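A.B. asks: Next come a sequence and a model predicted from it.
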Amino acid sequence: METSHPPEPIYLKEDVVSQECMTLLSILPTESGWLLKTLYNYQGFWQTARQLQGALTCQKHFKAQDTDILLVTTPKSGTTWLKAILFALVNRTHFPQTQHDHPLLSNNPHMLVPFLELKLYIDGENPDLSSLASPRLFATHLPYVSLPKSVQDSKCKLVYLCRNPKDTFISLWAFTNKLRLQEMGTNSIEEVFEKFCKGVSLYGPFWDHMLGYWQESLKNPEKIYFLTYEEMKEKPDLHLRKLAEFLGCPFSSKEEEGMVDAILDVCSFDTLSNLKVNKEGKLPSGESNNAFFRNGKVGDWKNYLTVEMVERLEKICEEKLCGSGLRF
Ligand code: PAP
């Protein structure tokens, strides 16, 4: 009897359509990925074929506007959370948090703040973004060196988010295992830890990604707001206020505490992870929305990493970040 398999999710596709990308792929260094078969090293960072196609198309076509806001993150550093926060923040007059039909209550944050290279440009096409309301809010995982030139040339603002590498690693390991189909089996923590330490992870080496934006944020603090997941967890109200000031939309005295608390509340792990859309929904690329909500804790690595793994990762961070002023 013939058994029918469900169609392969889009996020597992490895083929690209643009000739330019195919030509480039054939000459790039490769490594095996955590989820897909192949990762390619482009401009010093590891990406999948389709993400690279998205990056090339976006480098060619994306025209940043002075009023744009770009959230840049290392994967699994709290992207979903910050997408929700930035969306709620910049749209707070259109959509007061008290509204029962607030878009965050029925949409996963990834649908409200699209990734440039992972969504808008991933198919190699040039989408028309002219009708989007201002300020336009986009996200990217691209390293600083790979940003479209217009991002640097314009006055658009960047919010950069990264996370303690130990928690980032555990979150990425758990996420990629969740996205693997049953027949693919799971990755052991040891095998992907080895890759992570060699810098072979999505948009890795993670230290180069962080350092690229860290150094730029020191040179140009008006342009890049550099934030860590741990800082945001520790003092969310402080950072929300600072983000609002940085983005030119500070809270008025009339808004006072109420608005800050309301935004943090609607974007909290508990609220978002318990919404029907995030429990049961899927992204158009096939990932279940619930894959973006695991436990949202700082220090969960203690439950998984051995003493030797911790020592090795800390040594790598010490060596790579030495003298930069960036510490975890
Ligand atoms: P992405 O980069 O692939 O979009 P991202 O959202 O950065 O993923 O990673 C999800 C992490 O953020 C998860 O961390 P964990 O695996 O350590 O649990 C997820 O739980 C956490 N997260 C998602 N939403 C929130 C939130 N509202 N508050 C705090 N953490 C959150």
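C.D. replies: In hand now; what should we look at?

A.B. asks: Looking only at the lowest-mean-pLDDT helix or strand in the chain, what residues are buried by neighbour count?
C.D. replies: Of the helices and strands making up the chain, the lowest-confidence element is helix 256-266, at a mean of 90, by mean pLDDT, DSSP states H and E. Using 16 or more other Cβ atoms under 10 Å as the test for burial, helix 256-266 gives M259, V260, A262, I263, L264, V266. For every residue, glycine as well, the C-beta is placed using N, CA and C.

A.B. asks: Specify which member of these is nearest to K155.
C.D. replies: I263 (24.8 Å; Cβ to Cβ).

A.B. asks: so how far is the ligand from that closest one?
C.D. replies: The gap separating I263 from the ligand is 11 Å, by Cβ to the nearest ligand atom, to the nearest Å.

A.B. asks: repeat for N278
C.D. replies: Distance from N278 to the ligand, by Cβ to the nearest ligand atom: 9 Å.

A.B. asks: Within the helices and strands, which one has that residue?
C.D. replies: Element membership of N278, judged by DSSP states H and E, is helix 276-280.

A.B. asks: after that helix comes which helix or strand?
C.D. replies: Using DSSP H and E, the first helix or strand after helix 276-280 is helix 307-321.

A.B. asks: Can you give me the buried ones in that next one?
C.D. replies: Buried, per 16+ other Cβ under 10 Å, within helix 307-321: M309, L313, I316, C317, K320, L321.

A.B. asks: Please list the residues of the stretch 1-150 of the chain that sit near the ligand.
C.D. replies: Within the stretch 1-150 of the chain, the residues that sit near the ligand (Cβ under 6 Å from any ligand atom) are T73, P75, K76, S77, G78, T79, T80, W81.

A.B. asks: Out of the residues you listed, which sit inside helices?
C.D. replies: T79, T80, W81 (DSSP state H).

A.B. asks: ok, now which ones touch the residue nearest to the first one when sequence neighbours are not counted?
C.D. replies: Counting by Cβ to Cβ, 6 or more residues apart in numbering, T73 is the residue found nearest to T79 once chain neighbours are left out, at 4.3 Å. Taking Cβ atoms under 8 Å, 6 or more residues apart in numbering, we find T73 in contact with T79, L82, A139, H141, Y160, L161, C162.

A.B. asks: and the residue lying closest to the third one once chain neighbours are set aside, helix, strand or coil?
C.D. replies: Counting by Cβ to Cβ, 6+ apart, the nearest residue to A139 once its immediate chain neighbours are dropped is L71, at 4.4 Å. For L71, the secondary-structure state derived from DSSP: H, G, I helix; E, B strand; the rest coil is strand.

A.B. asks: what about L71, neighbour count?
C.D. replies: Per other Cβ atoms under 10 Å, the neighbour tally for L71 reads 23.

A.B. asks: how close does it get to F226?
C.D. replies: To F226, L71 is 12 Å away according to Cβ to Cβ, to the nearest Å.
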